[in-house]
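Colleague: prediction below, plus the sequence it came from.
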Amino acid sequence: MQLVRTPSEILKAAIILDARTQAAIARDSHISKAILSRFMAGKRGLSTRSFDQVAVSVGYCLKRIA
């Protein structure tokens with residue numbers, strides 16, 4: 001059985017594995033450090049635009065698997 005993870009869970013894992021600090025990722029993604037911090041803490045989601053910017057910054061894109 002394959003574990004299905006949400007896009008948010010995958011993005012959080014990518015952020016954790018990235019060599020840069022959250023502040024650097026936020027800066028490179030053109031979003032507030034506070035927004036990224038709240039997302040990582042599970043307190044808030046990201047807008048679609050912010051999600052896209054962070055995903056690109058950490059080198060991720062969506063790909064259909066089936």
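Modeller: Arrived safely.
Colleague: show the pLDDT at Ser57.
Modeller: We have a pLDDT of 96 for Ser57.
Colleague: helices of this protein, start to end?
Modeller: In the chain, the helices defined using DSSP state H lie at 7-17, 22-29, 33-40, 48-57.
Colleague: can you tell me how far the most centrally placed residue in the chain is from Ile35?
Modeller: Taking Cα atoms, centre = their mean, the centroid of the chain lies closest to Leu11, which sits 3.6 Å from it. Note on Leu11: its distance to Ile35, by Cβ to Cβ, to the nearest Å, is 13 Å. (Glycine included, C-beta is placed from N, CA and C.)
Colleague: then Ala41?
Modeller: According to Cβ to Cβ, Ala41 and Ile35 sit 11 Å apart.
Colleague: ok, these two, which is more surrounded?
Modeller: Ile35 (17 against 9; other Cβ atoms under 10 Å).
Colleague: for the more buried one, give me its contacts.
Modeller: With contact set as Cβ atoms under 8 Å, 6 or more residues apart in numbering, Ile35 has these partners: Ala26, Arg44, Leu46, Ser50.
Colleague: distance of the nearest residue to Phe51 once chain neighbours are set aside from Asp28?
Modeller: Nearest residue to Phe51, sequence neighbours excluded (Cβ to Cβ, 6 or more residues apart in numbering): Leu11, at 6.8 Å. Between Leu11 and Asp28 the computed distance is 14 Å (Cβ to Cβ).
Colleague: isn't the residue nearest to the centre of the chain up against Gly59?
Modeller: No - counting by Cβ atoms under 8 Å, Leu11 does not reach Gly59; the two are 11.0 Å apart.
Colleague: wait, what's in contact with Arg38?
Modeller: Arg44.
Colleague: show me which residues of stretch 17-26 are buried.
Modeller: Buried residues in stretch 17-26, counted by 16 or more other Cβ atoms under 10 Å: Asp18, Ile25, Ala26.
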